[in-house]
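In: got a sequence here, can you model it:
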Amino acid sequence: MATAKSTTRAGASKSKKRLALEARTWEGLSNLFLLQRPRMMALCREFDLFPPQLMVLKVLDEPRPMRDVATAMACDSSNLTGITDRLEERGLVRRASDPGDRRVKLLVLTKDGEALRREVVDRLNQPPPGSVDTLTEAELRQLDALLRKALESII
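Out: Numbers count the residues shown, from 1 in each chain. Here you go, the predicted model:
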């Protein structure tokens with residue numbers, strides 16, 4: 001009897017059982033992400049931000065070329081220009097020339113932008129009440145390690 005298989009980028013085959021497990025796991029991660037949406041939207045309202053502006057703040061952990069920020073947000077550079085304009089008007093970011101290549105524009109947080117980013121990221125990183133209470137410390141460490149490993153493979 002033939003078994004349904006898929007091939008990975010590395011050329012290894014995946015069984016139907018493995019593919020189903022991957023899909024179920026990804027569904028769980030997607031559901032967790034979607035449950036964050038109301039919290040994110042509440043933060044946007046509280047700080048008078050649109051979701052893309054919040055995403056830019058989250059991405060700017062250091063000065064970054066605008067094209068890299070656009071890539072991280074999966075948007076076109078022209079869309080990022082409008083988002084940046086609004087953040088700049090509020091005094092949260094500034095554009096600067098890259099010292100290594102003056103043709104490249106960097107997005108840099110201002111002092112106010114750094115403070116707002118810290119507040120937003122700290123609040124987003126707080127787990128929703130009850131979400132991880134049933135996990136032991138060992139399970140949390142294992143989950144953290146597994147999520148970081150998965151992220152490293154795609155970033």
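
In: show the pLDDT at residue 98.
Out: On the pLDDT scale, residue 98 is placed at 93.

In: can you check residue 77 too?
Out: 88.

In: quick check: closest non-adjacent residue to it.
Out: Spatial nearest neighbour of residue 77, excluding adjacent residues (C-beta to C-beta, 6 or more residues apart in numbering): residue 70 at 4.7 Å. C-beta: built from backbone N, CA, C; applies to glycine.

In: try residue 57
Out: Nearest to residue 57 is residue 117, by C-beta to C-beta, 6+ apart, at 4.6 Å.

In: three-state assignment of that neighbour?
Out: helix (DSSP: H, G, I helix; E, B strand; the rest coil).

In: could you measure from it over to residue 48?
Out: Distance, residue 117 to residue 48, by C-beta to C-beta, to the nearest Å: 15 Å.

In: the two: which is more packed in?
Out: residue 117 (20 against 8; other C-beta atoms under 10 Å).

In: quick one: the more buried one and residue 56 touch, right?
Out: No: with contacts counted by C-beta atoms under 8 Å, residue 117 stays clear of residue 56, the gap being 9.4 Å.

In: mind saving the C-alpha coords of the host helix or strand of residue 149 as PDB?
Out: Using DSSP states H and E, residue 149 sits within helix 137-154. Once non-C-alpha atoms are left out, helix 137-154 reads as follows in PDB (Å, rounded to 0.1, in the frame of the first residue of the first chain):
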ATOM      1  CA  GLU A 137       8.200  25.800  34.000                       C
ATOM      2  CA  ALA A 138       9.800  22.900  32.200                       C
ATOM      3  CA  GLU A 139       7.000  22.900  29.600                       C
ATOM      4  CA  LEU A 140       7.300  26.600  29.200                       C
ATOM      5  CA  ARG A 141      11.100  26.300  28.600                       C
ATOM      6  CA  GLN A 142      10.500  23.600  26.100                       C
ATOM      7  CA  LEU A 143       7.800  25.500  24.300                       C
ATOM      8  CA  ASP A 144      10.000  28.600  24.200                       C
ATOM      9  CA  ALA A 145      12.900  26.600  22.800                       C
ATOM     10  CA  LEU A 146      10.700  25.000  20.100                       C
ATOM     11  CA  LEU A 147       9.100  28.300  19.000                       C
ATOM     12  CA  ARG A 148      12.500  30.000  18.800                       C
ATOM     13  CA  LYS A 149      13.800  27.000  16.700                       C
ATOM     14  CA  ALA A 150      10.900  27.200  14.400                       C
ATOM     15  CA  LEU A 151      11.300  31.000  14.000                       C
ATOM     16  CA  GLU A 152      15.000  30.700  13.300                       C
ATOM     17  CA  SER A 153      14.300  28.400  10.400                       C
ATOM     18  CA  ILE A 154      12.100  31.000   8.600                       C
END
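
In: much appreciated, bye for now.
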